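> need a structure here:
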Amino acid sequence: MKILSNDKLVTLQIYYYLPDFNNIVQEFIWQYTDVKPEFNRTHSFLSYWHENIDAEIQNIYLAHCDYWGNKIYRNVTNEYTYYKEK
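The predicted structure follows:
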């Protein structure tokens, strides 16, 4: 049943720059549904980005909420850093 699933509405905000124009930071925002806590779709998108897109990611912000309208507010206290191995 769909209502009992862990689907979340996710907003992924990426700040990046192109290697030729490293003084210009650009922004990419994508909103989609994903399953918490694994966020498989998010991980596959970031893997695709690192393998196929020449842009270097500066910051990534991920926000999620209940897809079915359950409103719970939690203050964000953790920050994670994702490093690309060269």
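> just the element for Pro37, please.
Counting by DSSP states H and E, no helix or strand carries Pro37.
> for Tyr16, which non-adjacent residue is spatially closest?
With sequence-adjacent residues excluded and distances taken as C-beta to C-beta, 6 or more residues apart in numbering, Tyr16 is closest to Ala55, at 4.3 Å. (Each C-beta comes from the backbone N, C-alpha and C, glycine too.)
> sheet-wise, list the partners of the helix or strand bottoming out on mean pLDDT in the chain with their directions.
Within the chain, no helix or strand scores below strand 56-66, which has a mean of 87 by mean pLDDT, DSSP states H and E. When pairs are called by DSSP bridges, strand 56-66 turns out to pair with strand 7-18 (antiparallel).
> starting at the chain centroid, how far to the strand it pairs with?
Offset of strand 7-18 from its chain centre (C-alpha atoms, centre = their mean, to the nearest Å): 4 Å.
> and the contacts of that strand?
23-36, 39, 41-42, 45, 49, 54-67 (C-beta atoms under 8 Å, 6 or more residues apart in numbering).
> how about it as PDB, C-alpha atoms only?
Provided in PDB are the C-alpha atoms of strand 7-18 (Å, rounded to 0.1, in the frame of the first residue of the first chain):
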ATOM      1  CA  ASP A   7       8.400   7.700   0.000                       C
ATOM      2  CA  LYS A   8       9.400  11.300   0.700                       C
ATOM      3  CA  LEU A   9       9.300  14.400  -1.400                       C
ATOM      4  CA  VAL A  10      13.000  15.400  -1.800                       C
ATOM      5  CA  THR A  11      14.500  18.700  -2.900                       C
ATOM      6  CA  LEU A  12      18.100  18.500  -3.900                       C
ATOM      7  CA  GLN A  13      20.000  21.800  -4.300                       C
ATOM      8  CA  ILE A  14      23.400  21.700  -5.900                       C
ATOM      9  CA  TYR A  15      25.900  24.600  -6.200                       C
ATOM     10  CA  TYR A  16      28.500  23.900  -8.800                       C
ATOM     11  CA  TYR A  17      31.000  25.500 -11.100                       C
ATOM     12  CA  LEU A  18      32.500  24.600 -14.500                       C
END
